[in-house]
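**Q** no sequence on this one, just coordinates:
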C-alpha cells in the first residue's frame, strides 16, 4: 500500500513537472542532470539529450558566470533558495533569452543539487518596452499641448496689451490689465506643467510664487514697498483644481495690490 501511494505521488509530481508551462531543470555537481520538455524548447535544443550532462555555466553569459557560481555556492552552503530574479540564458545557437528564475537547493538521487524554474519573459519584456514607448510618446504629446496652450494664452495677453495702447479711459485700461493678468495666471499653470516631470499635477507653492511676482510687476509695485510672504504646504494639484485656485488667489492678491496700499503705503501680503 505504501509503495502504491508512493508510485501515485511520483506520477502526480511527474505530470506536474512535465506539463508545467515553465522550464524546470536540475543541476548537480555543476552539470544538468534533469529537465522537463520545456527546457530544450527554452534553450534551443531539439531534445533533452542535447542538454543533459552539459555544464550549467554553458547557458550563462560569460560576464555573469562568477555571480551565478557564487550564488550556487551560497545556496548549497546555506540550504536556502534564491528569490525570483531576471536572468539572460545563452541558447545552443548563441542567441539569448530573457527569463525569470527561481532556484532552490535540495537532494537529488543522494547528491546535493539545485532545482531551477525558469519562465520565458521575452513577450512580457517586449510588451513592457512597447508600453514604455507609448507612454513616452504620450508624454511628449502632452508637453507639446501644454506648450501650445501656454503660447496661445501669451498671444492673447499680447493682443490685450496692444489694444491697451489705443485706450485712454482709465477704467477700460484697468479692465484690460485685469484680463491680461487672469490670462497670465492660467498661462503660468500650463508653463509649469510643460516644464514639470509630472504632467498631471502642478507644484502649487512654486506656482504661487511665480504668480505673486508676476502681479507685483503688472501693478508696478516694488518688493521693497510691499513684501510677500508665502506659507503654503508642499502640495501637488491637478489641472482642474489648480486653474480655479490660481484665479481665486489672483483676484485676492490683485485686490490687495489695488486697494490695501494707497498713497505709497508699505506693508505685507501673506498667502497661507
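**A** Structure's in. What do you need? Note that the structure is predicted; figures quoted are calculated from it, not measured.
**Q** buried stuff in stretch 224-242?
**A** For stretch 224-242, a neighbour-count test (16 or more other C-beta atoms under 10 Å) marks 226, 228, 237, 242 as buried. C-beta here means a position set from N, CA and C on the backbone, and glycine is covered the same way.
**Q** farthest pair within those?
**A** Pairwise distances among the buried residues of stretch 224-242 were taken by C-beta to C-beta; the largest, 25.8 Å, belongs to 226 and 237.
**Q** and of the buried residues of stretch 224-242, the nearest to residue 53?
**A** Distances from residue 53 to the buried residues of stretch 224-242, taken by C-beta to C-beta, are shortest for residue 237, at 64.4 Å.
**Q** from the chain's centre, how far out does the helix or strand containing the closest one sit?
**A** Per DSSP states H and E: residue 237 is located in strand 236-238. Counting by C-alpha atoms, centre = their mean, to the nearest Å, strand 236-238 is centred 18 Å from the centre of its parent chain.
**Q** does anything pack onto that strand? Which helices or strands?
**A** strand 201-203 (3 or more C-beta pairs under 8 Å, 6 or more residues apart in numbering; DSSP states H and E).
**Q** partner strands of the strand it packs on and their direction?
**A** Its sheet considered, strand 201-203 pairs with strand 236-238 (antiparallel) by DSSP bridges.
**Q** give me the average confidence score over the next helix or strand after the partner strand.
**A** Under the assignment DSSP H and E, the closest C-terminal helix or strand after strand 236-238 is helix 239-259. The pLDDT scores in helix 239-259 average 89.
**Q** just want the angle from the helix or strand that helix 239-259 is followed by to helix 239-259.
**A** Beyond helix 239-259 in the direction of the C-terminus, DSSP H and E gives the next helix or strand as strand 267-271. Put simply, strand 267-271 runs at 170 degrees to helix 239-259, going by axes from the mean of the first three to the mean of the last three C-alpha atoms, to 10 degrees.
**Q** circling back to that earlier point, can you put the buried residues of stretch 224-242 in a markdown table and add distance to residue 216?
**A** Shown next, in a markdown table, are those (distance: C-beta to C-beta, whole Å):
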| residue | distance to residue 216 |
| --- | --- |
| 226 | 7 |
| 228 | 7 |
| 237 | 23 |
| 242 | 21 |
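**Q** which secondary structure element contains the spatially most central residue of the chain?
**A** With distances taken as C-alpha atoms, centre = their mean, residue 132 lies nearest the centre of the chain, 9.0 Å away. Counting by DSSP H and E, the element that carries residue 132 is helix 122-164.
**Q** what's the neighbour count on the nearest residue to residue 18 once chain neighbours are set aside?
**A** Spatial nearest neighbour of residue 18, excluding adjacent residues (C-beta to C-beta, 6 or more residues apart in numbering): residue 36 at 5.3 Å. Residue 36 is flanked by 20 other residues according to other C-beta atoms under 10 Å.
**Q** list the buried ones in the strand ranked longest in the chain?
**A** Of all segments of type strand in the chain, defined using DSSP state E, the longest is strand 96-108. Buried residues in strand 96-108, defined by neighbour count with 16+ other C-beta under 10 Å: 97, 98, 99, 100, 101, 102, 103, 105.
**Q** what are the pairing partners of the helix or strand following that strand, and which direction each?
**A** Next helix or strand after strand 96-108 toward the C-terminus (DSSP H and E): strand 111-120. Here strand 111-120 is paired, per DSSP bridges, with strand 23-28 (antiparallel), strand 96-108 (antiparallel).
**Q** sec struct for residue 32, please.
**A** Three-state call for residue 32 (DSSP: H, G, I helix; E, B strand; the rest coil): strand.
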